[in-house]
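*Asks:* Starting from these lines, generate the structure:
(one chain, ligands or ions: 1)
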Amino acid sequence: MCGIVGYIGKRNATPIIVEGLKRLEYRGYDSAGLAINKDGKLHIYKAVGKITDLERSLPEPNVTFSNIGIGHTRWATHGKPNKTNAHPHTGQYGKIALVHNGIIENYKQLRQKLTTEGHQFNTETDTEVLAHLVEYFIEKEQDFTSGVQKALKLVEGTFGIAVIHTDYPENIVAARKGSPLILGIGNEEFFITSDVAAIIIHTKKVIYLKDGEVVNLNHEKFEITTLDNEAVKAKISEVDWDVSSIEKGDYEHFMLKEIYEQVTSVENAFRGRLMNKLSTARLGGLNITGNELRKVKKIQIIGCGTSWHAALIGKNMIESLARIPVEVEYASEYRYRNPIIPEDTLVFVISQSGETADTLAALREAQARGAKVLGITNVVGSTIARESDGGVYIHAGAEIGVASTKAFTSQVTVLCLLALILGRMKHLSAQYGIKFLKEIKRIPQKIEKVLNLNEEIERIAATIKDSKNALYLGRGMHYPVALEGALKLKEISYIHAEGYPAAEMKHGPIALIDEKMPVVAIALKDAIYDKIISNLQEVKARNGHIIAIATEGDENIKDLAEHVIYIPETMDIFQPLLSVVPLQLLAYHVAHLRGFNVDQPRNLAKSVTVE
Ligand code: M6R
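*Replies:* Sure thing, here's the model as predicted:
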């Protein structure tokens with residue numbers, strides 16, 4: 001949730017770190033700081049607010065010139081977002097600066113122990129305790145790496161850390177457990193970061209550190225060990241993200257850019273995966289044989305937030321195409337229940353970032369119970385991608401906007417393919433497969449058609465921007481789309497919004513409807529069209545302000561809705577890929593018109609790596 005950037009090499013570390021932190025600002029944006037090692041002394045700079053506030057507070061470049069430094073952008077967990085609590089933190093003797101992502105669960109006990117040794121603390125944060133502990137052991141061991149190893153062995157919780165020390169002015173030591181950390185390999189320079197977005201303008205060669213690994217770097221070489229000091233031979237990977245994917249280009253916000261990118265990101269999710277001859281699809285990384293798949297009697301899909309909504313759509317698709325029962329679970333609930341995983345159950349975890357703490361814990365829980373767990377992720381090399389027994393990348397490219405958009409449609413696309421594969425293995429006809437493959441190829445251009453409605457949607461957004469509440473209705477597969485539309489609106493515009501199965505409305509929420517309540521209804525021409533029309537009549541009778549997402553050519557809906565957003569006709573299974581787009585644009589424009597920072601909504605972080 002926070003971001004780490006470290007640099008060691010021949011260039012000036014400060015601007016590289018500041019630039020990297022700006023690229024990670026989507027991960028945490030309440031305060032930031034950096035530390036450099038210069039002339040045997042640590043220089044630490046911190047600021048509350050944005051990275052630009054930190055940048056403004058820095059002295060002249062010659063003062064901050066150093067070849068080694070670490071920086072951090074924070075999303076507060078322990079302690080208020082203020083300058084004192086911002087990272088880097090120092091130890092008792094002022095020799096180290098440490099930045100940390102994660103949570104140290106036993107920090108109170110560690111703090112107590114250190115206090116009895118005479119340590120004094122300036123903050124209530126877990127990170128300051130970690131800094132004291134690490135510094136204490138480096139002093140005791142008289143060695144940078146083994147001091148860090150010894151200290152971390154006492155720690156319970158999660159961490160990605162980077163440390164500099166005045167006695168070791170040419171080294172950075174970094175380590176991880178449960179929080180991502182990546183080593184970037186440049187030409188006589190190295191980077192350490194929690195997210196490749198911070199460093200891909202410098203290098204695409206990376207090593208994804210594994211849990212319990214410690215790396216010691218100087219500008220010439222690096223050495224990776226375990227916490228028990230065993231040498232690790234790590235694999236160097238090549239990041240396939242383009243630099244343009246982490247830049248806004250001509251767009252005002254990443255969210256808008258990413259909404260527009262869906263024309264290509266959806267295509268990337270199915271490209272190379274369609275098997276025309278067999279009228280099915282192929283998902284190479286699943287690491288499961290056809291026979292094993294055929295034996296699957298039940299599927300569980302686990303995720304959080306938007307990924308959970310994609311999973312609900314997946315359930316609908318898989319059940320209708322393959323007739324395999326699917327349970328969708330919130331990862332945060334699953335991990336603390338006593339989940340039942342019957343034999344022949346296949347578990348999927350779905351996560352854009354691949355780092356969501358609850359989803360990762362659910363994955364481990366399911367694996368511990370003997371289940372085969374497959375991951376559907378976007379970020380290559382992420383912890384979930386690595387720990388799953390197989391999986392699929394959605395290939396959406398970097399998603400920077402905190403409100404997930406293109407990852408959602410890419411997840412749904414992959415789930416469509418999965419439903420087709422499973423269906424074709426059972427009783428789905430080749431004719432259906434042919435129709436499916438033909439139509440999925442048309443989806444990108446149909447999304448483009450929906451995006452052309454942007455201005456019209458902006459005008460509609462202006463009519464609801466001052467609302468206090470909003471209701472999103474849908475039935476069947478459109479219900480999770482309604483949930484997703486409501487989530488988009490609430491997370492960036494701070495308008496209370498609820499998604500509801502349309503027919504359930506009369507069992508309660510109907511009491512809320514009056515002339516001030518916008519009701520966004522997904523009322524597409526499908527088998528249950530007439531049902532949702534009846535639900536909308538109930539809304540209209542109570543003066544609700546209806547905005548309908550309807551199928552092109554549906555003139556009747558105009559009698560009910562004040563505003564109609566028409567989307568192209570498609571097969572039922574692909575409708576969510578089109579219907580969600582106007583909802584994303586609606587939320588974007590409402591938030592923008594209300595004057596909010598669309599890409600960095602308050603209190604939210606892009607990837608939730610704490611419980
Ligand atoms: O990276 P993940 O897909 O695991 O993230 C799950 C949720 O935290 C995420 O979808 C969140 O709900 C977004 N802010 C939604 O826009």
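*Asks:* The ligand contacts on the stretch 351-500 of the chain?
*Replies:* S351, Q352, S353, T356, T359, V402, A403, S404, L487, E491 (CB under 6 Å from any ligand atom). (Each C-beta comes from the backbone N, C-alpha and C, glycine too.)
*Asks:* what would those residues look like in a markdown table with secondary structure, neighbour count and pLDDT?
*Replies:* What follows is these, written out as a markdown table (DSSP: H, G, I helix; E, B strand; the rest coil; neighbours: other CB atoms under 10 Å; pLDDT from 0 to 100):
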| residue | secondary structure | neighbour count | pLDDT |
| --- | --- | --- | --- |
| S351 | strand | 34 | 98 |
| Q352 | coil | 30 | 97 |
| S353 | coil | 26 | 94 |
| T356 | coil | 28 | 93 |
| T359 | helix | 31 | 96 |
| V402 | coil | 21 | 92 |
| A403 | coil | 30 | 96 |
| S404 | coil | 28 | 97 |
| L487 | helix | 23 | 98 |
| E491 | helix | 21 | 96 |
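*Asks:* Dump those residues into CSV; add distance to I384 as well.
*Replies:* Shown next, in CSV, are those (distance: CB to CB, whole Å):
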residue, distance to I384
S351, 5
Q352, 10
S353, 8
T356, 8
T359, 6
V402, 19
A403, 20
S404, 15
L487, 21
E491, 22
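*Asks:* Spell out for me which residue occupies the centre of this protein.
*Replies:* Against the mean C-alpha coordinate of the chain, by CA atoms, centre = their mean, the closest residue is S353 at 3.7 Å.
*Asks:* closest point of the protein to the ligand, which residue?
*Replies:* As assessed by CB to the nearest ligand atom, the ligand sits closest to G305 within the chain, at 2.0 Å.
*Asks:* wait, isn't that residue in contact with S404?
*Replies:* Yes - assessed by CB atoms under 8 Å, G305 is found in contact with S404 at 7.1 Å.
*Asks:* re the thing from before, in contact with the residue of the chain closest to the ligand: list those residues for me.
*Replies:* Contacts of G305 were listed using CB atoms under 8 Å, 6 or more residues apart in numbering, and they are S404, L487.
*Asks:* again with the one 3 residues further on
*Replies:* W308 makes contact with V328, Y330, A331, I350 under the criterion CB under 8 Å, 6+ apart.
*Asks:* For it, give me the pLDDT.
*Replies:* Reading off the confidence values, W308 has pLDDT 98.
*Asks:* Am I right that it is in a helix?
*Replies:* Yes - assessed with DSSP: H, G, I helix; E, B strand; the rest coil, W308 lies in a helix.
*Asks:* now it: how far from Y334?
*Replies:* For W308, the distance to Y334 (CB to CB, to the nearest Å) stands at 11 Å.
*Asks:* Give me the below-cutoff pLDDT ranges for this structure.
*Replies:* Under the criterion pLDDT under 70, the flagged ranges of the chain are 1, 28, 77-79.
*Asks:* ok, which residues in it are in contact with the ligand?
*Replies:* So far as CB under 6 Å from any ligand atom goes, the chain lies against the ligand at 304-307, 351-353, 356, 359, 402-404, 487, 491, 604, 607-608.
*Asks:* Repeat the analysis, applying 5 Å as the threshold.
*Replies:* Contact residues (CB under 5 Å from any ligand atom) of the chain with the ligand: C304, G305, T306, S307, S351, Q352, S353, T356, A403, S404, V608.
*Asks:* Check whether the fifth one really touches V373, as I assumed.
*Replies:* No - using CB under 8 Å, S351 is not in contact with V373; the gap is 11.9 Å.
*Asks:* sorry, back to before: just the closest of the residues of the chain next to the ligand to H592, please.
*Replies:* Using CB to CB, A403 comes nearest to H592 of the residues of the chain next to the ligand, at 11.9 Å.
*Asks:* What is the neighbour count of N535?
*Replies:* 23 (other CB atoms under 10 Å).
*Asks:* got the buried residues for the helix or strand hosting it?
*Replies:* In this structure, N535 is located in helix 529-541 according to DSSP states H and E. For helix 529-541, burial by neighbour count (16 or more other CB atoms under 10 Å) applies to Y529, I532, I533, N535, L536, V539, K540.
*Asks:* which residues touch A76?
*Replies:* A76 neighbours (CB under 8 Å, 6+ apart): D30, S31, N85.
*Asks:* Now render the residues you listed as JSON lines, adding neighbour count and secondary structure.
*Replies:* JSON lines is the format used below for these (neighbours: other CB atoms under 10 Å; DSSP: H, G, I helix; E, B strand; the rest coil):
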{"residue": "D30", "neighbour count": "20", "secondary structure": "coil"}
{"residue": "S31", "neighbour count": "27", "secondary structure": "strand"}
{"residue": "N85", "neighbour count": "23", "secondary structure": "coil"}
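*Asks:* Same list, those residues, but as a markdown table with distance to A76 please.
*Replies:* Shown next, in a markdown table, are the contacts of A76 (distance: CB to CB, whole Å):
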| residue | distance to A76 |
| --- | --- |
| D30 | 5 |
| S31 | 8 |
| N85 | 7 |
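*Asks:* wait, which of those residues is closest to K248?
*Replies:* D30 (21.6 Å).
*Asks:* Spatially nearest residue to the closest one (excluding sequence neighbours)?
*Replies:* P81 (3.4 Å; CB to CB, 6 or more residues apart in numbering).
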